[in-house]
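*Asks:* Have a look; sequence and predicted model below, questions after that.
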Amino acid sequence: MFDPEIIRRNPVKQSAETILDKFNRTIPYSLDYEYAIWQAQMRLGSRSQAELAAGAVHLRELLFHAEEVEHDRLVEKMEAGEELIFQSDPSKFTALFQEFDLDQQSDFPDASPTEYFAILAMVYTLESLESQFKADSWGDQIDKLNAVQQLQLPSLNTAAQQRLLDAHSLIAFIEGIEFESIFRKKNAARANRAKNQGYEKLKNRIFEFVDSECTELSNRKAAQVSYLQLKELVDNTLNSDDPEHQIAKWIGAHRKGSNKTK
């Protein structure tokens, strides 16, 4: 479980170079660190340091609950003799996002899942930097380390590398979410265009019929007759409990526009 205070004790609103300088500018994998920091900051640019710190606290609570849910799920599967499949952090808490209303927090308002994932990527990056900095500091004075520290030193390097990999994996996950969102919007726009084209085709057919066959009828009566005449096309195009009412509105607007042009 990460410590959300890591956001407060690091200049996360500063440039990647400034953040790395706090630790060691020549730290291994510096370009990988710069990439992770930049990608997280790009999605959190409008947020203040205080908001990011608050978001990290809410994220810790969510991860805690996600771990509980994941533990219960694995116990149930183990007791049932089913294969155990461990989930990544994003998979664990995505389903819990709305349940905990994380987009309604007053100190981190209108937050999106992407922003929480970006905070998590930043936290992982900072955790990696702290572990790597500690490992480098110990390595420089290895002869002065006690037995416990000497045993811990390899694990510090491993933890630093793993957390950096976790940060990059989260960034890839965020990019996947964003791509899916773009794809979904394009599909929605395409569907709307198709629907609008269908509406235009239907309206034109109705107007042609009304102008030739229903000139003496009221809008409502003309709509009733048009619906009977073009029922199959109307039912296949309009999703309405009262299609005649919608047709009457179209006819009224059409007649009003036609009269203005005369």
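*Replies:* Noted; the coordinates are in hand. Numbers count the residues shown, from 1 in each chain.
*Asks:* make it CA atoms for all contacts and neighbour counts henceforth
*Replies:* Fine.
*Asks:* Could you point out the helix or strand that follows the lengthiest helix in the chain?
*Replies:* Assignment by DSSP state H gives helix 147-213 as the longest helix of the chain. Of the helices and strands lying after helix 147-213 in sequence (DSSP states H and E), the nearest is helix 219-229.
*Asks:* chain center to that following helix, what's the gap?
*Replies:* Centroid displacement of helix 219-229 relative to its chain, using Cα atoms, centre = their mean, to the nearest Å, is 46 Å.
*Asks:* So for it, mean pLDDT?
*Replies:* Average pLDDT, helix 219-229: 88.
*Asks:* likewise stretch 9-16?
*Replies:* The model assigns stretch 9-16 a mean pLDDT of 92.
*Asks:* ok, residues contacting that stretch?
*Replies:* By Cα atoms under 8 Å, 6 or more residues apart in numbering, the surrounding residues in contact with stretch 9-16 are 18-19, 33-34, 37-38, 41, 45, 48-49.
*Asks:* what is the orientation angle of the longest helix of the chain with helix 219-229?
*Replies:* Helix 147-213 runs at 100 degrees relative to helix 219-229, counting by axes from the mean of the first three to the mean of the last three Cα atoms, to 10 degrees.
*Asks:* From the contact counts, what lies against helix 147-213?
*Replies:* helix 30-42, helix 113-140, helix 219-229, helix 231-237, helix 243-261 (3 or more Cα pairs under 8 Å, 6 or more residues apart in numbering; DSSP states H and E).
*Asks:* hang on, the earlier thing: okay, the contacts of stretch 9-16 in CSV with distance to residue 224 and neighbour count next?
*Replies:* Below are those laid out as CSV (distance: Cα to Cα, whole Å; neighbours: other Cα atoms under 10 Å):
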residue, distance to residue 224, neighbour count
18, 72, 14
19, 71, 20
33, 68, 24
34, 67, 16
37, 63, 28
38, 62, 17
41, 59, 22
45, 56, 11
48, 59, 13
49, 62, 16
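*Asks:* Can you name the two of these that sit furthest apart?
*Replies:* Greatest spacing in the contacts of stretch 9-16, by Cα to Cα: 33 and 48 (21.3 Å).
*Asks:* unless I'm mixing things up, residue 123 is touching residue 6, no?
*Replies:* Yes. Between residue 123 and residue 6 there is a contact at 6.9 Å, judged by Cα atoms under 8 Å.
*Asks:* So which of these two has more stuff around it?
*Replies:* Remark: of residue 123 and residue 6, residue 123 carries more neighbours, 25 against 18, as counted by other Cα atoms under 10 Å.
*Asks:* now that one: how far from residue 2?
*Replies:* Taking Cα to Cα, to the nearest Å as the measure, residue 123 falls 8 Å from residue 2.
*Asks:* pLDDT weak spots in the stretch 1-150 of the chain?
*Replies:* For the stretch 1-150 of the chain, the stretches flagged by pLDDT under 70 are 1, 25-26, 66-75, 77, 79, 82-101.
*Asks:* Counting neighbours, what do you get for residue 53?
*Replies:* When neighbours are counted by other Cα under 10 Å, residue 53 registers 22.
*Asks:* quick one: it from residue 185, how far?
*Replies:* Distance from residue 53 to residue 185, by Cα to Cα: 31 Å.
*Asks:* what about the nearest residue to residue 104 once chain neighbours are set aside, distance to residue 182?
*Replies:* Leaving aside its sequence neighbours, residue 104 sits nearest to residue 110 (Cα to Cα, 6 or more residues apart in numbering; 6.0 Å). From residue 110 across to residue 182, the span is 20 Å (Cα to Cα).
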